[in-house]
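Student: prediction below, plus the sequence it came from.
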Amino acid sequence: KLLTPITPTSPHIGSRMAEDFADAAASSIGGVLTVAVTYPIEIVKNRIASATTELGSAGAASDGAGAAETVAAEKPPDNEHASALTVAKGILSSRGVLGFYDGVTVSALENAVEKFLYF
C-alpha cells in the first residue's frame, strides 16, 4: 500500500488525503497532551531558577507585573533549599492547581501547529 504511486486519476486519492489529515490531527493532539503533562514540570523548574536569582532583577523582568509577589510567595525560607517539592507546594498553596498551567495556551498552540505541520 505504501509503495503504490498515487496519480491524479487514482480512485483512492481522497481517502489517502483524509488519512493523512487524520494522522496529522492525531499528532497535533498528542503534542497538546505532551505539553499538558510536561508543563507543570517546566513551571516548577522555572520557579526554582527564579528563586535562586535575585528577586528584583530576573523575576520581575521576566514575569511582568506582580511577579515579585508571586516569586516571594513561592520562595522557600532563607535556611531552606529550593527543592522541586518545596516550590510545587508553594505554587499549589498560593495559586492552586491552575498555577501549574500559567501560560500553557501559547505553548500548547505552538506545539499543536508544529506537530501538525511536521507530520
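Tutor: All right, it came through fine. Numbers count the residues shown, from 1 in each chain.
Student: what pLDDT, on average, does the helix or strand harbouring Val35 get?
Tutor: Val35 is part of helix 13-52 when elements are defined by DSSP states H and E. Helix 13-52 shows a mean pLDDT of 89.
Student: and it, what does it pack onto?
Tutor: Under the contact criterion of 3 or more CB pairs under 8 Å, 6 or more residues apart in numbering; DSSP states H and E, helix 13-52 touches helix 67-74, helix 84-95, helix 104-118. All C-beta atoms are positioned from the backbone trio N, CA, C, and that covers glycine.
Student: turn the ones you listed into a markdown table, including mean neighbour count, mean pLDDT and distance to Val35.
Tutor: Listed next are these as a markdown table, based on neighbours: other CB atoms under 10 Å; pLDDT from 0 to 100; distance: least, CB to CB, whole Å:
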| stretch | mean neighbour count | mean pLDDT | distance to Val35 |
| --- | --- | --- | --- |
| helix 67-74 | 16 | 52 | 21 |
| helix 84-95 | 16 | 93 | 17 |
| helix 104-118 | 14 | 93 | 5 |
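Student: adding distance to Ser27, write those helices out as a markdown table.
Tutor: Listed next are the helices and strands packed on helix 13-52 as a markdown table, based on distance: least, CB to CB, whole Å:
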| stretch | distance to Ser27 |
| --- | --- |
| helix 67-74 | 34 |
| helix 84-95 | 30 |
| helix 104-118 | 5 |
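Student: closest to Thr34 out of the ones you listed?
Tutor: helix 104-118 (6.8 Å; CB to CB).
Student: quick one, the closest one and helix 13-52 angle?
Tutor: In terms of direction (axes from the mean of the first three to the mean of the last three CA atoms, to 10 degrees), helix 104-118 departs from helix 13-52 by 140 degrees.
Student: show me what helix 104-118 is packed against.
Tutor: Using 3+ CB pairs under 8 Å, 6+ apart, the elements in contact with helix 104-118 are helix 13-52.
Student: pull out the buried residues from the helix it packs on.
Tutor: Across helix 13-52, burial judged by 16 or more other CB atoms under 10 Å covers 27-28, 31-32, 35, 39-40, 43-44, 47-48, 50-51.
Student: which one of those residues is nearest to Ser107?
Tutor: The closest of the buried residues of helix 13-52, once distances to Ser107 are taken by CB to CB, is Val35, at 5.2 Å.
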